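> Need coordinates for the below:
(one chain, ligands or ions: 2)
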Amino acid sequence: PMKRLTVPRIRQRKNGEPLVMLTAYTVRMAQLLDPHCDMLLVGDSLGQVIYGLPHTVAVTMEMMAAHGAAVVRGSYHAAVVVDMPFGSYEASPQQAFENASRLLKETGAAAVKMEGGRVLAPTIEFLTQRGIPVMGHVGLTPQAVNILGGYGVRGKSAEEAKSIVDDAIAVSEAGAFSLVIEGVLEPIAIEITQKVACPTIGIGASAQCDGQVLVTEDMLGLFDRVPRFVKKFGDMAQQTEEAVKQYADQVRNRTFPSADQLYQPE
Ligand code: KIV
Ligand code: NA
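Numbers count the residues shown, from 1 in each chain. Ligands and ions are numbered 1, 2, ... in the order given. Next comes the predicted model:
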C-alpha cells in the first residue's frame with residue numbers, strides 16, 4: 001500500500017498543488033475515493049446523509065468513531081480527518097482533548113476538525129501542543145444552525161466579513177494545520193487564504209483556496225437537496241433507480257436469476 005499523506009506534508013501545500021478532499025463515511029466509498037484524494041473527511045454531515053437527521057446537532061461521538069474507523073480501514077493514501085460532533089469540544093480544552101484523543105484512538109485517523117473561530121483558539125492550541133492536529137472550520141458553521149437560523153451565505157455585511165476573517169486568523173495562529181472555509185462571499189475566502197499561514201480548503205468559497213472539499217453524495221448526484229455550491233459530477237440517484245427498476249422487473253417476470261447466476265450440478 002501507498003504511504004499515507006501526513007499532516008506536515010499537507011501543511012506544506014500552502015500556495016502549492018491544490019489539496020483534494022471529499023467526505024467518506026463507509027469503507028467501500030473510502031476505497032474508491034482514496035487513490036484520488038489527499039484527504040478524506042469523515043464529516044458530521046453523515047447525520048443528514050447517512051442517518052436522515054434534520055441537521056448535524058444530534059450527531060454523536062459513537063457515530064463519528066464507527067464511521068471514522070471504517071474510512072481508515074478503507075484508505076491507504078489519504079490523510080483521514082474526523083469531525084468532532086456538536087457538544088464534544090466546545091466546553092473546554094480538556095473536554096476537547098478527551099473526545100479528540102478518543103476519536104484518534106478508536107479510528108486511527110490523523111486529525112480532527114472542529115467548527116468555530118476566536119473562541120476555539122485556546123482549544124486548538126491545547127490540542128496541537130498535545131499531539132492532536134486540528135483542522136479549523138469557519139464561515140458557515142452548520143453546528144451553529146440554531147444560532148444562525150439557517151444555512152445562508154455568511155459575510156454579507158462588512159462587520160460579519162471582518163469577524164470571519166478575524167476568526168480564520170485566530171484559528172490559524174492557534175496552530176490549525178488547515179482550515180475549511182464554508183459558504184462565504186468569495187472576497188472573504190481570498191482574503192483569508194492570503195492572510196493565514198495554513199492551507200485553506202474551500203466549500204462554497206473560492207477556487208483560489210489552497211484546496212476544495214465537497215460532500216461526496218452531493219457531487220455524485222446521490223443526495224436529493226443540495227446547496228448552490230455543489231457541482232454535480234455524477235448522477236448516481238438516477239443510475240441507482242434504473243438498476244433497481246430492472247431488478248424489480250426481472251424478479252416479477254422471473255427472468256432473474258437465470259443460468260449464469262445459478263449453481264449447476266457437475
Ligand atoms: O461535515 C462535513 O461534511 C463538512 C464539510 C462539508 C466541510 O464539514
Ligand atoms: Na462538518
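> Next, count neighbours for the closest residue to Ser172 other than its chain neighbours.
Distance criterion C-beta to C-beta, 6 or more residues apart in numbering; nearest residue to Ser172, sequence neighbours excluded, is Val196 at 3.8 Å. (Glycine included, C-beta is placed from N, CA and C.) For Val196, the neighbour count with other C-beta atoms under 10 Å is 24.
> Make sure Val196 is actually in contact with Ser178.
No. Taking C-beta atoms under 8 Å as the definition, Val196 is not a contact partner of Ser178, at 9.4 Å.
> Please state the mean pLDDT value computed over stretch 195-211.
Mean pLDDT, stretch 195-211: 98.
> same question, stretch 60-77
98.
> What residues of it count as buried?
63-65, 67-72, 74-75, 77 (16 or more other C-beta atoms under 10 Å).
> Do I have it right that Met39 meets Ala78?
Yes. At 5.5 Å, Met39 counts as touching Ala78 under the criterion of C-beta under 8 Å.
> between the two, what contacts are shared?
Leu5 (C-beta atoms under 8 Å, 6 or more residues apart in numbering).
> how many neighbours does Val27 have?
Neighbour count of Val27, defined by other C-beta under 10 Å: 16.
> List the contacts of it.
The contact partners of Val27, taken as C-beta under 8 Å, 6+ apart, are 70-71, 73-74.
> Just flag the most distant two among these.
Greatest spatial distance among the contacts of Val27 (C-beta to C-beta): Val71 and Arg73, at 7.3 Å.
> Now for the two: what residues contact both?
Common neighbours of Val71 and Arg73 (criterion: C-beta under 8 Å, 6+ apart): 27, 30.
> List the residues that contact the residue of the chain found nearest ligand 1.
Among the residues of the chain, Gly43 lies nearest to ligand 1; the distance is 2.3 Å by C-beta to the nearest ligand atom. For Gly43, the contacting residues are 23, 25, 83, 215, by C-beta under 8 Å, 6+ apart.
> Narrow these to those in strands?
Among the contacts of Gly43, the subset assigned to strands under DSSP state E consists of 23, 83.
> Format the contacts of Gly43 as JSON lines; extra columns: neighbour count, pLDDT and distance to ligand 1.
Output for those, formatted as JSON lines (neighbours: other C-beta atoms under 10 Å; pLDDT from 0 to 100; distance: C-beta to the nearest ligand atom, whole Å):
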{"residue": "Thr23", "neighbour count": "27", "pLDDT": "98", "distance to ligand 1": "5"}
{"residue": "Tyr25", "neighbour count": "25", "pLDDT": "98", "distance to ligand 1": "9"}
{"residue": "Asp83", "neighbour count": "29", "pLDDT": "99", "distance to ligand 1": "5"}
{"residue": "Val215", "neighbour count": "22", "pLDDT": "98", "distance to ligand 1": "5"}
